[in-house]
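[1] The following comprises the amino acid sequence and a computationally predicted model.
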Amino acid sequence: MHRLQLGSLRSKRRDQESAELRTFHSTLVVQANAYMNATWAVSVAKAGNEDGAGLIGGSVIVDPNGRICAQARTLGDELIFAEADLDLCRHGRERMFNFAAHRRPQWYRRIVDQVGSVEPPRA
């Protein structure tokens, strides 16, 4: 019974997560993915109430460096835009995220074969 109550409390806390925190997490993911893929990213999010649910809004345009260029600020209808210089993608793709030059798939076998973590041997 104690576990059921504890699980119930955790569930209530998740349900009470603020709209600001949900928007922060949504935006953080867009920023990280834009950066890791060295590309522009656009995330479109509905806002307001629909079917009894509060939607978070927070549409965002992010450049290839993970910087926010435009972001919706309200729960009303908004139009956001940004000039997208596609040349900004080159630096990341040609240097840091140049997978053809830096990826070493021969070292990935353990990731594919192993499930979970394994403690290293103690010295």
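    Structure received. Note that the structure is a prediction, hence the values are computed from the model and not measured.
[2] how about low-confidence regions in the protein?
    1-16 (pLDDT under 70).
[3] The most centrally placed residue in it and residue 35, how far apart?
    Nearest residue to the geometric centre of the chain (C-alpha atoms, centre = their mean): residue 29, 1.1 Å. Separation of residue 29 from residue 35 (C-beta to C-beta, to the nearest Å) stands at 11 Å. No exception for glycine: its C-beta is placed from N, CA and C like everyone else's.
[4] how about residue 68, phi and psi?
    Per-residue torsions, residue 68: phi -80, psi 120 (degrees, to the nearest 10).
[5] Quick check: bridge partners of it?
    Counting by DSSP bridges, residue 68 forms beta bridges with residue 62.
[6] so it sits right up against residue 58, yeah?
    No - using C-beta atoms under 8 Å, residue 68 is not in contact with residue 58; the gap is 10.4 Å.
[7] any idea whether the residue nearest to the centre of the chain is helix, strand or coil?
    Classification of residue 29 using DSSP: H, G, I helix; E, B strand; the rest coil returns helix.
[8] Let me see the ranges of the strands in the chain.
    Counting by DSSP state E, one finds strands in the chain at the ranges 41-43, 47-50, 53-56, 60-62, 68-71.
[9] Show me what the third one is packed against.
    Where contact means 3 or more C-beta pairs under 8 Å, 6 or more residues apart in numbering; DSSP states H and E, strand 53-56 is packed against helix 19-36, strand 47-50.
[10] of all the ones you listed, which lies closest to residue 75?
    The closest of the helices and strands packed on strand 53-56 to residue 75 is strand 47-50. By C-beta to C-beta, the value is 4.3 Å.
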